[in-house]
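A.B. asks: Predicted coordinates and the sequence they were generated for:
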Amino acid sequence: MIEARSLTKQYEDGVIAVNSLDLQVPAGEIYCLLGANGAGKTTTVHLFLGFIEPTSGEAVVNGIDVHREPLKAKKYLAFLSENVRLYGNLTARQNLRFFCKLSGTEPGDRDAYYAALSRVGLPERAFEQKVREFSKGMRQKVGIAIAMLKNASALLLDEPMSGLDPKAAADFVALLDSLREEGKAILMSTHDIFRAKQLADRIGIMKDGQKVAERTREALLKEDLEKLYLDYMRELNT
């Protein structure tokens with residue numbers, strides 16, 4: 001489970017990036033944080049990763065406070081950003097091996113790397129190709145393969161489909177669906193209303209660091225998410 005408990009981040013200049021955020025993402029669910037740039041989505045993800053310290057409240061993964069026990073918590077976490085950072089001079093398989101070695105989860109078997117790359121939809125011809133030649137969609141696939149091999153129970157995704165072409169985005173959605181079925185808890189930040197509605201079991205709308213609304217997939221069958229989102233944005237700006 002991924003859980004925020006009154007999670008707050010206020011910077012020295014007084015700006016409140018995240019304001020008393022509460023949310024829960026149980027195993028086998030995808031939770032989308034929906035909001036414009038600057039809403040606090042990426043800050044929330046960074047708090048869960050331990051990149052920044054909270055002013056108050058807790059970021060919890062599998063019952064472990066990320067900031068009190070960071071190494072223990074990171075065993076259960078995998079992260080995929082908008083721009084996956086890979087080593088361009090290494091092949092897709094070599095990148096997998098390198099990052100798995102860093103996390104202590106190296107399979108030690110070439111076939112295991114190939115199986116992961118095949119599952120995420122990377123063409124076989126690209127397994128031993130240097131990633132500097134890859135498109136953004138191909139790099140994202142390598143990134144998700146790294147997360148899969150780590151076998152983390154909680155996944156944090158920060159705008160992972162931004163800039164992907166329609167085919168790559170559809171492939172990525174299918175991957176997330178399969179990971180949800182495996183019981184992963186997935187927290188994803190996005191500003192894409194269509195993808196949020198397509199993927200999420202629950203959606204939280206953020207504005208100026210606050211979660212201003214939350215809806216389940218079932219509730220959204222009766223509501224227009226785009227209208228709901230725009231109504232909240234207008235209301236808060238008046």
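C.D. replies: Thanks, I have the structure now. Numbers count the residues shown, from 1 in each chain.

A.B. asks: who's in contact with residue 52?
C.D. replies: Residue 52 sits next to 9, 43, 46 when contact means C-beta atoms under 8 Å, 6 or more residues apart in numbering. In this view, the C-beta of every residue, glycine as well, is placed from N, C-alpha and C.

A.B. asks: so the last one is in which element?
C.D. replies: Assigning secondary structure by DSSP states H and E places residue 46 in helix 41-49.

A.B. asks: Run through the neighbouring helices and strands of whichever helix or strand comes after that helix.
C.D. replies: Counting by DSSP H and E, the next helix or strand C-terminal to helix 41-49 is strand 56-61. The contact analysis (3 or more C-beta pairs under 8 Å, 6 or more residues apart in numbering; DSSP states H and E) places strand 56-61 against strand 2-10, helix 41-49.

A.B. asks: what comes up buried for strand 56-61?
C.D. replies: Of all the residues in strand 56-61, those buried under the rule 16 or more other C-beta atoms under 10 Å are 57-61.

A.B. asks: rank the helices and strands packed on strand 56-61 by pLDDT, which is bottom?
C.D. replies: Among the helices and strands packed on strand 56-61, helix 41-49 carries the lowest mean pLDDT, at a mean of 93.

A.B. asks: list the helices and strands that helix packs on?
C.D. replies: strand 2-10, strand 16-25, strand 56-61, strand 77-80, strand 154-158, strand 185-190.

A.B. asks: redo that, cut-off 7 Å
C.D. replies: strand 2-10, strand 16-25, strand 56-61, strand 154-158, strand 185-190 (3 or more C-beta pairs under 7 Å, 6 or more residues apart in numbering; DSSP states H and E).
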